[in-house]
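Participant: got a structure for you, letters missing:
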């Protein structure tokens, strides 16, 4: 992402990729980003797909975060997915933030 749109456009016009910087995320960060973005969707986190991709069960890895959301009736856990309720979708970013840990 470019902070300056004109510089981005200049790079694209030159045939460049238009990348200002790149970031390599840790596995933990990728897992958190994946979970947080999945929670914005009606389907939520597909537990089997998540395990295939990352090698861990989301409902075990984020047990406390999931229980917190469920206790507030913001989410529901099924055998196939963890997804937000209608009420939870209004607070998707807040719920998702419990899955993303920013390294110091």
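Facilitator: Arrived safely. From a predicted model like this one, the values you see are computed outputs, not experimental measurements. Numbering: from 1, shown residues only.
Participant: and the longest helix seen in the chain, which residues are buried?
Facilitator: Across the chain, the longest stretch assigned as helix under DSSP state H is helix 27-38. Neighbour counts using 16 or more other Cβ atoms under 10 Å place 31-32, 34-36, 38 of helix 27-38 among the buried residues. The way it works is simple: take the backbone N, C-alpha and C, and place the C-beta from them, glycine included.
Participant: output those residues in CSV, with pLDDT and distance to residue 86 appended to each entry.
Facilitator: Compiled in CSV, the buried residues of helix 27-38 are given as follows (pLDDT from 0 to 100; distance: Cβ to Cβ, whole Å):
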residue, pLDDT, distance to residue 86
31, 95, 26
32, 95, 24
34, 96, 23
35, 96, 19
36, 95, 19
38, 96, 17
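Participant: in CSV: the residues you listed, plus distance to residue 12.
Facilitator: Shown next, in CSV, are the buried residues of helix 27-38 (distance: Cβ to Cβ, whole Å):
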residue, distance to residue 12
31, 32
32, 30
34, 28
35, 32
36, 29
38, 30
